[in-house]
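>>> Pasted the sequence and its predicted model underneath.
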Amino acid sequence: MPSKVPSKVPSKHSGQPVSESTPSWRDLPEAIYPVQSQQPPLSTVPDTPHLLQVNSNSLDPSSTFSASTVSKKVITTRQFIFMALSSSIGAGLLLSTGQALAVGGPAPLFIGFAFVGLAIWITIAAWASCRPTSPSRGPSEHDK
């Protein structure tokens, strides 16, 4: 004989039972949660004739597009090197902080970041103290 399912299920958050009359996300108004059947199908394309301004009298691409309308997107070697370098550094930081978090927990990780931040701040302050206190126009005294 199958057992009866209780009408009240305990909640994980409050510890009190939740009755069947508790509203769910399905009971929200349509303005907050739209019904799936009212959305247009993905295959519909809006009518956008203003985006297609092609000269229909000529099939020559030079008459439609000129050098001023088409931009050339090129990544230089220097940009590519710096993107690869920053990606490697970012991946290393992500992996090392994940390992440190798994081993030590959040408190030592925060203390480590605070210590490194303090060291960087001291370094920046030392470099900033090397600047002239009263800037002047023209070459500096060291360039003479």
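Arrived safely, thanks for sending.
>>> Val74 belongs to a helix?
No: assessed with DSSP: H, G, I helix; E, B strand; the rest coil, Val74 is coil; it does not lie in a helix.
>>> Roughly how far does it sit from Leu85?
Going from Val74 to Leu85 by CB to CB, to the nearest Å gives 19 Å. All C-beta spots, glycine's among them, are computed from the backbone N, C-alpha and C.
>>> more neighbours, the two?
With neighbours defined as other CB atoms under 10 Å, Val74 and Leu85 compare such that Leu85 has more, 10 against 6.
>>> Pull out the buried positions in the helix or strand where Trp127 lies.
Assigned by DSSP states H and E, Trp127 falls within helix 106-129. Burial within helix 106-129, assessed by neighbour count using 16 or more other CB atoms under 10 Å, is assigned to Leu109.
>>> Ile89 - how many residues pack around it?
10.
>>> Return the list of helices and strands in contact with the strand or helix carrying it.
Using DSSP H and E, the element containing Ile89 is helix 77-104. Applying 3 or more CB pairs under 8 Å, 6 or more residues apart in numbering; DSSP states H and E, one finds that helix 77-104 makes contact with helix 106-129.
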